[in-house]
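In: With the sequence up front, the predicted model follows.
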Amino acid sequence: MKKKSQKLLRLFRIIGIAEGISFLILLVIAMPLKYFFKIPEAVKVFGWLHGTLFVAFIYFGFEVMGILNKSFGWFLKAFIAAFVPLGTFIFDRQLKKDEVLLAEDSFT
């Protein structure tokens, strides 16, 4: 069970980083291309990608909450982090600590 928890948490971290990167690309590159240079295609592509990663982040956050017995407050922090630029990167620091604790528990 610990291995499954570790893999799930690792996947959640990867999705969180990807979601954060896609959000920054959308805000810093795609939106200016659309509104300043009249190139809306970038928002279509990165908006779709970001939306998919956002849904995956929320889904896996819910899964991690259940498997690792996290509180609803923890899930709410993850949810809010997805709306704040750089939020998933900040939230990842806690996830990294949780990942280390899970790894230590599997050796004892």
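Out: Looks like it arrived, so ask away.
In: make it CA atoms for all contacts and neighbour counts henceforth
Out: Fine.
In: List of residues touching stretch 86-102?
Out: 2, 5-6, 9-10, 13, 16-17, 19-20, 24, 77-78, 80-82 (CA atoms under 8 Å, 6 or more residues apart in numbering).
In: got the contact list for the residue positioned nearest the centre of the chain?
Out: Central residue of the chain (CA atoms, centre = their mean): residue 16, 2.0 Å from the mean position. Each residue near residue 16 by CA under 8 Å, 6+ apart is listed here: 53, 57, 88, 89, 92.
In: One more pass at 6 Å, please.
Out: By CA atoms under 6 Å, 6 or more residues apart in numbering, the residues touching residue 16 are 57, 88.
In: what kind of secondary structure is it in?
Out: Residue 16 carries the three-state label helix when classified by DSSP: H, G, I helix; E, B strand; the rest coil.
In: Check what pLDDT it gets.
Out: Per-residue pLDDT puts residue 16 at 98.
In: quick one: it and residue 32, what's the gap?
Out: Distance, residue 16 to residue 32, by CA to CA, to the nearest Å: 24 Å.
In: Give the buried residues for the least confident helix or strand in the chain by mean pLDDT.
Out: Taking mean pLDDT, DSSP states H and E as the measure, the helix or strand of the chain with the lowest value is helix 87-107, at a mean of 90. Neighbour-count burial for helix 87-107 flags 87, 88, 89, 91, 92, 95, 99, 102 (criterion: 16 or more other CA atoms under 10 Å).
In: Could you do stretch 39-58 as well?
Out: 42, 43, 46, 47, 49, 50, 53, 54, 56, 57, 58.
In: So which of those residues sit within helices?
Out: Within the buried residues of stretch 39-58, membership in helices is found for 42, 43, 46, 47, 49, 50, 53, 54, 56, 57, 58, as judged by DSSP state H.
In: what ranges of the protein fall below the confidence cut-off?
Out: 1, 106-108 (pLDDT under 70).
In: any idea how far the residue nearest to the centre of the chain is from residue 23?
Out: From residue 16 to residue 23 the distance is 10 Å (CA to CA).
In: Check residue 15 too.
Out: Going from residue 15 to residue 23 by CA to CA gives 12 Å.
In: quick one, which of the two is more surrounded?
Out: residue 23 (26 against 21; other CA atoms under 10 Å).
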